[in-house]
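Engineer: model this:
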Amino acid sequence: MGKNEYLINTMGNKFLCRAYTMTGTGSISKWFTILFIGILLVAIIGGIALSFINTPPLQKPTPNVTITVPSPPVPVMSNGTITLGYELETSQFADLGLVLTRVEVQDKETNKVLMDIQGDMLTQLYQPASDSSRTPEDLQAGTGNLTDPRISILFQTSPEMIPKKIVHQLTFSWNQTGVAPVVITGGEITVSSDHQTPDTSPSPYSSEISMTTTAL
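Structural biologist: Take a look at the predicted model:
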């Protein structure tokens, strides 16, 4: 318990009264200690939480995935519109722990995106590899089994906008959390300046596939 000490001074006819109050220093010290520990714990917990939130995803080395175009496209003109169709082939990537999530077809000279393939569209256009290899006749006809995965590319443009060179940018995610996606560029092709007339034979590309392109 604190105690009061009163000092009374006489100055003429006036009385001055001062009171000094002393409190228990032990209680104050105890509460300051508790407050300090509480603040310290909050800071530690907050720092740990921020470290999890702000931790950047792990960057893995770029995997060795090749991208090629077995048969470069020849522009086909019909009703004033140019159609380019071909297959983009990659080496096996599933065994590396990768999942293909996006394919961008770009005009190499202008960096314009001619076709952006992802989501359901990528599911439709993606052809997984199989154990059996395709014969030369299958390769020419676009049928048979695949030794490497392929993505069917089909888009339209105007004769004035035909790209001279096309390059492909593929985005892969890893089949584990906390790892940053990887982007691989390849499959560069030179587009022929010769135009063909439409082929009346059945197309290997399904007419049910929706085509999204910004090339027009």
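
Engineer: How many residues are close by residue 192?
Structural biologist: 14 (other CB atoms under 10 Å). C-betas here are computed from N, CA, C, even on glycine.

Engineer: what's near enough to touch it?
Structural biologist: Residue 192 makes contacts with 72, 73, 74, 75, as judged by CB atoms under 8 Å, 6 or more residues apart in numbering.

Engineer: which ones among the residues you listed are found in helices?
Structural biologist: The members of the contacts of residue 192 all map outside helices under DSSP state H.

Engineer: By pLDDT, rank those and give me the bottom one.
Structural biologist: Among these, residue 74 has the lowest pLDDT, at 86.

Engineer: residue ranges of the strands in this protein, please?
Structural biologist: For the chain, the strands defined by DSSP state E occupy 4-11, 14-21, 67-68, 76-78, 81-90, 98-107, 113-118, 126-127, 150-157, 165-174, 182-190.

Engineer: could you redo these as TSV and give each row distance to residue 60, mean pLDDT and mean neighbour count?
Structural biologist: TSV is the format used below for those (distance: least, CB to CB, whole Å; pLDDT from 0 to 100; neighbours: other CB atoms under 10 Å):
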stretch	distance to residue 60	mean pLDDT	mean neighbour count
strand 4-11	73	48	8
strand 14-21	67	47	8
strand 67-68	18	96	18
strand 76-78	41	90	14
strand 81-90	18	94	20
strand 98-107	10	96	19
strand 113-118	21	96	19
strand 126-127	23	94	16
strand 150-157	23	94	20
strand 165-174	7	96	19
strand 182-190	7	96	16
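
Engineer: Need those in CSV (columns: distance to residue 44).
Structural biologist: Shown next, in CSV, are the strands of the chain (distance: least, CB to CB, whole Å):
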stretch, distance to residue 44
strand 4-11, 42
strand 14-21, 37
strand 67-68, 48
strand 76-78, 67
strand 81-90, 47
strand 98-107, 38
strand 113-118, 42
strand 126-127, 48
strand 150-157, 50
strand 165-174, 32
strand 182-190, 35
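
Engineer: and of those strands, who's closest to residue 61?
Structural biologist: Nearest of the strands of the chain to residue 61, taken as CB to CB: strand 182-190 at 8.9 Å.

Engineer: just the angle between that closest one and strand 81-90, please?
Structural biologist: Orientation check (axes from the mean of the first three to the mean of the last three CA atoms, to 10 degrees): strand 182-190 against strand 81-90 gives 130 degrees.

Engineer: Each with direction, which strands does strand 182-190 pair with?
Structural biologist: Paired neighbours of strand 182-190 in the sheet (DSSP bridges): strand 165-174 (antiparallel).

Engineer: Next, the angle from the partner strand to strand 113-118.
Structural biologist: 20 degrees.

Engineer: if we can go back for a sec, just the buried ones out of the contacts of residue 192, please.
Structural biologist: 73, 75 (16 or more other CB atoms under 10 Å).
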